[in-house]
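just a sequence and a predicted model for now, questions to come.
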Amino acid sequence: MIDWQTPFEQVLDDSKLPFARWFVGGKTNLCHNAVDRHLKDRPDQKALVYLSTETGKEGSYTFRELHAEVNRVAAMIQDLGVAKGDRVIIYMPMVPEAVIAMLACARIGAVHSVVFGGFAANSLATRIDDAKPRLMITADAGMRGGKQINYKPLVDEALSLSKHPPEKVLLFNRGLDRDMAVQAGRDMDWETLRARHMDARVEPVWLESSEPSYILYTSGTTGKPKGVQRDTGGYAVALAASMKHIYTGQAGETMFTSSDIGWVVGHSYIVYGPLLAGMTTIVYEGLPIRPDPGIWWKIVQDNQVNIMFTSPTAVRVLKKQPPEFLHKYDVSSLRSLYLAGEPLDEPTARWIAEALQVNIIDNYWQTETGWPILSSVPAVEDLPRKFGSPGFAAYGFDIKLLDERSGEEVAVNEKGVLTAVPPLPPGCLSTVWGDDTRFVNTYFSNFENVLVYSTFDWATKDEDGYYFILGRTDDVINVAGHRLGTREIEEAVSAHPNIAEVAVVGVHDEVKGQAVIAFAVVKDASKVATSEAMAQMQKEVMATVDKELGAIARPARVCFVTLLPKTRSGKLLRRSIQALAEGREAGDLTTLDDPTALEQIKAAVAAWKSGK
Ligand code: ATP
Ligand code: MG
């Protein structure tokens, strides 16, 4: 299913668990397998279709055209000094050039690190300092819902904050930001460089299977985001296999994944998966409801999409729209819709299954694993699906549900931490970038007596072997499919000079999955003495979060209290706060230090609910 330039000598080296090396000694290249390999059989088939309902631009590349373009960009970045092993940060909107930049990096053995274009300067700077890139590739601006976000000022700020700024910035100018500042000598214009390399041919650089292909940062619950390091050979094999067994995609067919290249779903199922499989992939910049809620189904009809992949949040958004848009277009080409990233609730699953009359397949996985841990595997055995369950352990994962304390396996229908016995299968993270110790300590040191990978999610397994995900053992808020660490948002809120302390929780939200609510203690009480002052303070806190983290992390409400509920050991009782904010009982309070703190949370929630 993939080409090896040099065959591997050993399938697995598990002599240093939890570190595992797959296909040892084999040499391959992701770009060759995603692009060049198809030149023989399908040169004139569309490889990449792009459209933007934000700018009105659309078009496509055949495999031959994609090959030519990737070669040009590979030559451009080589010219800018990038070589094998160098990191390149890609901070771009959903334009085809972003995908081409990723493939160009892979072609020359450079390690790309795509940062979601929506993160604020601070978040970008942290990632720059960790990856220490040789080059940064960006664009003048992105667009979302008709609103322009200028990227370049954010990039300039991030570079000035960074301790390891790259020497060069490759700038793709979409002509959106006419006042963009350019720094001579550092900022290089994409079009100008491209014109010099129109006929470029750059041979793929063959990497040993375990050499890194990319770094992708998780959302960073623990403050500092973890750089998930992906290998090359294992990832190629895992994705090619998943395209066949899980996603049932055939060469020549079309896949539409409505994610962003900044997330793992985008890496695996907008870029590498479909292209490795010889499929046409769709790169869409825009919302599911603009210009109208039929836009996705129009894309399906126009491109004869066979396989679709999206998030439960997006489906919930569509569910609120007038139903006629679902029947306006011919979606008969569509076989299956895959959903991942957050729990798929039963009403949403039923609604979309009935509306589209296609297979609805929930899969559960993580940035770390790169492809599904739990899923139906329809091409191997098409077992019936149960709504609310992502199915079974995918081949290659030895899954165990363990009791949090004893590390023993739990009984049927009992809640345990979802873990995997190493070696993790091909495609999963090989380590945390630059920090092997953190890899072991974070993921493999949660149980005293057993060496297992912890997902940090709770799950149960029923008598028929179906798994159900119950939530996270750590605290992450999921706003419209964007995962935000509570800790990270708390740090951002605390950046406001008048905030002494804060607890951030996610509360259930019909549309977005969860909304961010902050409970803050101020340093100077006079600043929240009147309702006007409180409103002003709330505004300032929101603006601080926008600046520190980006608008996606902005709290929907900031409540002011004088005390936060904590355990006697000083740990925030976040679970109780969240329960109260969602109108439930506070739960087990045996360790609560000062009960008046809970009264304050209750009062703040009541004031908020009554619209005060
Ligand atoms: P961080 O590790 O920095 O905290 P994150 O875990 O939020 O970030 P991802 O790797 O993108 O970032 O998300 C993986 C998590 O998403 C899973 O651990 C799980 O909690 C949730 N998840 C993914 N798919 C599903 C699903 N099908 N059903 C339920 N939950 C899911
Ligand atoms: Mg995680």
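That came through fine. Ligands and ions are numbered 1, 2, ... in the order given.

get me the contact residues on the stretch 351-500 of the chain for ligand 1.
362-367, 390, 455, 457, 469, 472, 476, 483, 485 (CB under 6 Å from any ligand atom). Backbone N, C-alpha and C define where each C-beta goes, glycine included.

what kind of secondary structure is Val440 in?
Following DSSP: H, G, I helix; E, B strand; the rest coil, Val440 is assigned to helix.

now do stretch 288-307: everything it contacts.
49, 51, 53, 145-146, 247-250, 253-256, 258, 279-280, 282, 284, 286-287, 308, 314, 317-318, 321-322, 325-326, 328-331, 333-336, 338 (CB atoms under 8 Å, 6 or more residues apart in numbering).

list the buried ones in that stretch?
With burial defined by 16 or more other CB atoms under 10 Å, the residues of stretch 288-307 counted as buried are 288-289, 293-301, 303, 305-307.

now do the same end-to-end measure for that stretch.
With CA to CA, to the nearest Å applied, stretch 288-307 spans 17 Å between its terminal residues.

just the buried ones from the contacts of stretch 288-307?
The neighbour-count test (16+ other CB under 10 Å) marks 49, 51, 53, 247-249, 253-256, 258, 279-280, 282, 284, 286-287, 308, 314, 317-318, 325-326, 329, 331, 334-336, 338 as buried among the contacts of stretch 288-307.

so of the residues you listed, which ones are in strands?
Counting by DSSP state E, the buried ones among the contacts of stretch 288-307 place 49, 51, 254-256, 280, 282, 284, 308, 336, 338 in strands.

identify, from these, the entry nearest to ligand 1.
Tyr338 (9.7 Å; CB to the nearest ligand atom).

find the nearest non-adjacent residue to that closest one, please.
Closest residue in space to Tyr338, ignoring its immediate chain neighbours: Phe309 at 4.4 Å, by CB to CB, 6 or more residues apart in numbering.

again with Ser389
Of all residues not flanking Ser389 in the chain, Tyr466 sits nearest, at 4.3 Å (CB to CB, 6+ apart).

got a list of what the closest residue to ligand 1 within the stretch 1-150 of the chain touches?
Closest approach between the stretch 1-150 of the chain and ligand 1, counting by CB to the nearest ligand atom: Phe116, at 10.8 Å. If a contact means CB under 8 Å, 6+ apart, then Phe116 has 260, 262-263 as its contacts.

you'd agree Lys547 is up against Phe119?
No - judged on CB atoms under 8 Å, Lys547 makes no contact with Phe119 at a distance of 11.7 Å.

where does the stretch 451-600 of the chain have low pLDDT?
568-571, 588-591 (pLDDT under 70).

can you give me the helices for it?
486-494, 531-548, 574-581, 596-609 (DSSP state H, counting those that start in this stretch).

tabulate these (TSV), appending mean neighbour count.
Shown next, in TSV, are the helices of the stretch 451-600 of the chain (neighbours: other CB atoms under 10 Å):
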stretch	mean neighbour count
helix 486-494	22
helix 531-548	16
helix 574-581	21
helix 596-609	16
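
okay, those in CSV with distance to Val11 next?
Formatted as CSV, these follow (distance: least, CB to CB, whole Å):
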stretch, distance to Val11
helix 486-494, 39
helix 531-548, 46
helix 574-581, 43
helix 596-609, 54
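
quick check: the residue nearest to Ser389 touching Leu383?
No - look at Tyr466 against Leu383 with CB under 8 Å: they stay out of range, at 9.1 Å.

and the two? Which one has more around it.
Tyr466 (18 against 14; other CB atoms under 10 Å).

what about the more buried one, distance to ligand 1?
Relative to ligand 1, Tyr466 is positioned 13 Å away (CB to the nearest ligand atom, to the nearest Å).

residue contacts, the residue most central in space within the chain?
In the chain, the residue lying closest to the centroid (CA atoms, centre = their mean) is Trp263, at 2.7 Å. Residues near Trp263 by CB under 8 Å, 6+ apart: 116, 341, 367.

and for Val317?
288-289, 511.

which parts of this protein sit against ligand 1?
Residues of the chain lying near ligand 1 (CB under 6 Å from any ligand atom): 218-221, 264, 340-344, 362-367, 390, 455, 457, 469, 472, 476, 483, 485.

helices - which of these land there?
Val264 (DSSP state H).

give me the number of residues near Gln117?
For residue 117 the amino acid is Gly, not Gln. If you count neighbours by other CB under 10 Å, Gly117 ends up with 25.

these two touch, right, it and Gly262?
Yes - between Gly117 and Gly262 there is a contact under CB under 8 Å: 6.3 Å.

for the residue nearest to Tyr338, give its distance to Val49.
For Phe309, the distance to Val49 equals 15 Å [CB to CB, to the nearest Å].

kindly report the same for Tyr217.
Look at Tyr217 and Val49: by CB to CB, they are 28 Å apart.

ok, Thr567 next?
From Thr567 over to Val49 the distance is 54 Å, taken as CB to CB.

for Glu582, same thing?
Going from Glu582 to Val49 by CB to CB gives 42 Å.

and if you look at Ala520?
In terms of CB to CB, Ala520 sits 46 Å off from Val49.

quick one: contacts of stretch 604-612?
With contacts defined as CB under 8 Å, 6+ apart, stretch 604-612 is touched by 517, 519, 531, 557, 559-561, 580-581, 583.

show me what contacts the residue in the stretch 101-250 of the chain that ligand 1 sits nearest to?
Residue nearest to ligand 1 within the stretch 101-250 of the chain: Thr218 (3.1 Å; CB to the nearest ligand atom). Thr218 is in contact with 225-226, 228, 367-368, 483, counting by CB under 8 Å, 6+ apart.

pLDDT and distance to Glu540 added to the ones in strands among the buried ones among the contacts of stretch 288-307, as JSON lines?
Below are those laid out as JSON lines (pLDDT from 0 to 100; distance: CB to CB, whole Å):
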{"residue": "Val49", "pLDDT": "98", "distance to Glu540": "44"}
{"residue": "Leu51", "pLDDT": "98", "distance to Glu540": "39"}
{"residue": "Thr254", "pLDDT": "98", "distance to Glu540": "48"}
{"residue": "Met255", "pLDDT": "98", "distance to Glu540": "44"}
{"residue": "Phe256", "pLDDT": "98", "distance to Glu540": "41"}
{"residue": "Thr280", "pLDDT": "98", "distance to Glu540": "48"}
{"residue": "Ile282", "pLDDT": "98", "distance to Glu540": "41"}
{"residue": "Tyr284", "pLDDT": "98", "distance to Glu540": "36"}
{"residue": "Met308", "pLDDT": "98", "distance to Glu540": "42"}
{"residue": "Ser336", "pLDDT": "97", "distance to Glu540": "47"}
{"residue": "Tyr338", "pLDDT": "98", "distance to Glu540": "42"}
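
which member of those residues is positioned nearest Arg107?
Ranked by distance to Arg107 (CB to CB), those are led by Thr280 at 20.2 Å.

what's the spacing between the closest residue to Lys602 other than its chain neighbours and Leu573?
Spatially, and ignoring its direct neighbours in sequence, Lys602 is nearest to Leu580 (5.7 Å; CB to CB, 6+ apart). According to CB to CB, Leu580 and Leu573 sit 10 Å apart.

before we move on, what about Tyr269?
The gap separating Tyr269 from Leu573 is 38 Å, by CB to CB.

which other helices and strands contact the helix or strand of the chain with the lowest mean pLDDT?
Lowest mean confidence among the helices and strands of the chain (mean pLDDT, DSSP states H and E): strand 482-485, at a mean of 76. If you count contacts as 3 or more CB pairs under 8 Å, 6 or more residues apart in numbering; DSSP states H and E, strand 482-485 packs onto strand 476-479.

can I get the CA coordinates of the strand it packs on in CSV?
The C-alpha coordinates for strand 476-479 follow below in CSV (Å, rounded to 0.1, in the frame of the first residue of the first chain):
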residue,chain,number,x,y,z
VAL,A,476,-10.3,20.3,28.9
ILE,A,477,-13.1,22.5,27.6
ASN,A,478,-14.4,21.7,24.2
VAL,A,479,-15.8,24.8,22.4
